[in-house]
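1. Just need the structure, nothing else, for what follows:
(one chain, ligands or ions: 2)
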Amino acid sequence: MGETELIEKIASILFKAEREAFEVDRMVDRYPELTSDLAYRIQNRVVELRSQAENSRISGRKLGLTSVAKQQMMGVDEPLYGVLLDRMLLPEESPISLKAFIHPKIEPELAFVFKREIKGPAASVAEVLDATAYVMPALEIIDSRYRNFSFTLLDVIADNASSAGYILGGPCYKPERLDLRLMGMVFKKNGRILSTSTGAAVMGHPARAIAWMANKLAETGQSIRPGEVVLSGALCEATSIAPGDEITVSLDGLGKASAVFTD
Ligand code: 0L1
Ligand code: MG
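-> Ligands and ions are numbered 1, 2, ... in the order given. Here you go, the predicted model:
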């Protein structure tokens with residue numbers, strides 16, 4: 001099979017799985033010719049199909065596998081990125097229906113919004129902080145289209161890094177007076193603490209993850225654009241969600257983001 005045909009084939013399987021909320025088997029077993037470059041091209045095509053179908057636009061990007069623990073679990077030594085669409089932004093104020101998801105999980109994140117473009121290949125933590133308009137607490141819903149969340153790095157890149165939804169909290173702060181490494185985090189489900197962590201759980205500094213992504217994007221002539229939202233990568237492990245659950249992340253010195261789920 002030629003590259004174009006392969007991209008189209010896998011992208012349409014993943015797009016349909018997401019639209020109709022069903023699980024599929026991982027792709028690497030059926031298509032051993034997959035490479036990282038092809039997987040990111042499939043991701044682009046999946047995003048294109050979804051944005052056409054929903055009439056949605058790219059609102060930003062997200063990082064995943066930013067913690068050493070998650071990288072070791074997957075046997076990789078670098079993170080991955082995916083694309084956020086504006087239709088993935090979900091409300092804090094009203095219950096979120098779980099009908100459209102397959103087996104959703106939720107995780108606490110730090111969201112960055114940029115006032116300037118960040119272009120690799122030599123983006124640094126300092127440049128990311130300087131280009132940041134503000135940061136805010138966020139939650140990300142991940143919903144792998146693969147059976148039992150079982151995949152390799154190439155599979156999950158093609159599946160747009162399991163992206164499914166995001167919730168932005170507040171307030172918004174400029175990052176100047178915050179130490180994002182030492183910023184404490186409390187993640188709660190139904191009032192019970194699930195995990196505590198600090199910003200340093202994300203590659204030593206959340207802005208380091210963003211710099212990594214800017215440098216990776218430069219390999220294909222892309223950049224982080226002004227106005228885009230970027231989710232840094234989770235500060236701890238994701239938890240599964242069910243109707244009735246109320247999830248909150250509190251970030252020290254920043255504020256909180258919360259979400260309530262219904263069937
Ligand atoms: O946002 C994330 O960290 C998810 C990355 C993909 C891996 C997963 O679905 O657990
Ligand atoms: Mg995430």
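
2. Nearest spatial neighbour of the residue nearest the centre of the chain, chain-adjacent residues omitted?
-> In the chain, the residue lying closest to the centroid (C-alpha atoms, centre = their mean) is Lys62, at 3.6 Å. Distances taken as C-beta to C-beta, 6 or more residues apart in numbering put Leu231 closest to Lys62, at 4.0 Å, once the chain neighbours are dropped. (Glycine included, C-beta is placed from N, CA and C.)

3. List the contacts of the residue nearest to the centre of the chain.
-> 81-84, 109, 140, 161, 163, 166, 230-231, 233 (C-beta atoms under 8 Å, 6 or more residues apart in numbering).

4. Show me where the chain has its strands.
-> 58-64, 80-85, 96-97, 105-114, 132-142, 163-168, 184-189, 192-198, 229-231, 239-240, 246-251, 255-262 (DSSP state E).

5. Would you mind listing what in the stretch 151-263 of the chain touches ligand 1?
-> Taking C-beta under 6 Å from any ligand atom as the measure of proximity, the stretch 151-263 of the chain contacts ligand 1 at 156, 161-162, 233-234.

6. which of those are close to ligand 2?
-> Under the cut-off given by C-beta under 5 Å from the ion, ligand 2 has Ala234 from these close to it.

7. any idea which of the residues of the stretch 151-263 of the chain next to ligand 1 is the one closest to ligand 1?
-> Set against ligand 1, the nearest of these by C-beta to the nearest ligand atom is Ser162 (3.3 Å).

8. which one of the strands of the chain lies closest to ligand 2?
-> strand 132-142 (4.2 Å; C-beta to the ion).

9. okay, and the helix or strand of the protein with the least pLDDT?
-> Least confident element among the helices and strands of the chain, by mean pLDDT, DSSP states H and E: helix 68-74 (a mean of 86).

10. Buried residues, it. List them.
-> 70-71 (16 or more other C-beta atoms under 10 Å).

11. For ligand 2, what is the nearest residue in the stretch 151-263 of the chain?
-> Ala234 (4.5 Å).

12. Quick one: residues contacting that residue.
-> If you count contacts by C-beta under 8 Å, 6+ apart, then Ala234 has 64, 66-67, 70, 107-109, 140, 202 around it.
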